[in-house]
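Peer 1: Based on what follows, work out the 3D shape:
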Amino acid sequence: MTVAIIVEGKNDKSRLRKLLSDEIRIVCTNGTLSSDKLERIKKTIGTRDVYLFTDNDSSGKRIRGLLRDAFPDAEQIYTRRGYAGVEGTPDEYIIQQLEKAGLDEYIRYPDPPAAP
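Peer 2: Next up, the predicted model:
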């Protein structure tokens, strides 16, 4: 399976990059979506399975709506309300959401804390 996750910004991308294998393509909208940018994203993604992971704020919801129209078969991944977007979501919660989406095989699990 080849997978792409669409996020809003480069901070979201770098946040996910440390938790996911390099096999996953992470694509940024950079906060705005023109029809040209949407076409470039579609070309970049190609035939990959698409997951949408945007912030749980008004901007993120607007972008998710546009992406949902462009990628109707995309899986949805959500942050919890109250977190400062994808970049401000704790690793544990992001991992839970990635597992829930069925992406376990691509997760880079953090090393457990060293015993005292």
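Peer 1: Could you pull up the contacting residues of Val3?
Peer 2: 23-25, 48-51, 103, 106 (CB atoms under 8 Å, 6 or more residues apart in numbering). Backbone N, C-alpha and C define where each C-beta goes, glycine included.
Peer 1: Need phi/psi at it.
Peer 2: phi -130, psi 140 (degrees, to the nearest 10).
Peer 1: Next one: it from Arg64, what distance?
Peer 2: Distance, Val3 to Arg64, using CB to CB, to the nearest Å: 18 Å.
Peer 1: mind checking which helix or strand of the chain has the lowest mean pLDDT?
Peer 2: Ranked by mean pLDDT, DSSP states H and E, the weakest helix or strand in the chain is helix 58-70, scoring a mean of 89.
Peer 1: packing partners for whatever helix or strand comes next after that one?
Peer 2: Along the chain past helix 58-70, the next helix or strand (assigned with DSSP states H and E) turns out to be strand 75-78. In terms of contacts (3 or more CB pairs under 8 Å, 6 or more residues apart in numbering; DSSP states H and E), strand 75-78 is packed against strand 49-54, helix 91-100.
Peer 1: out of these, nearest to Leu19?
Peer 2: For Leu19, the closest of the helices and strands packed on strand 75-78 is helix 91-100, at 5.9 Å, according to CB to CB.
Peer 1: So for that closest one, mean pLDDT?
Peer 2: In this model, helix 91-100 has an average pLDDT of 94.
Peer 1: Stretch 10-17 too?
Peer 2: Stretch 10-17 comes out at a mean pLDDT of 93.
Peer 1: Can you show me the CA trace of that stretch as CSV?
Peer 2: Extracted as CSV, the C-alpha positions of stretch 10-17 are listed here (Å, rounded to 0.1, in the frame of the first residue of the first chain):
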residue,chain,number,x,y,z
LYS,A,10,5.4,22.5,7.3
ASN,A,11,5.3,22.3,11.1
ASP,A,12,2.5,19.6,10.9
LYS,A,13,4.6,17.8,8.3
SER,A,14,7.8,17.8,10.4
ARG,A,15,5.7,16.7,13.4
LEU,A,16,4.3,13.7,11.5
ARG,A,17,7.6,12.9,9.8
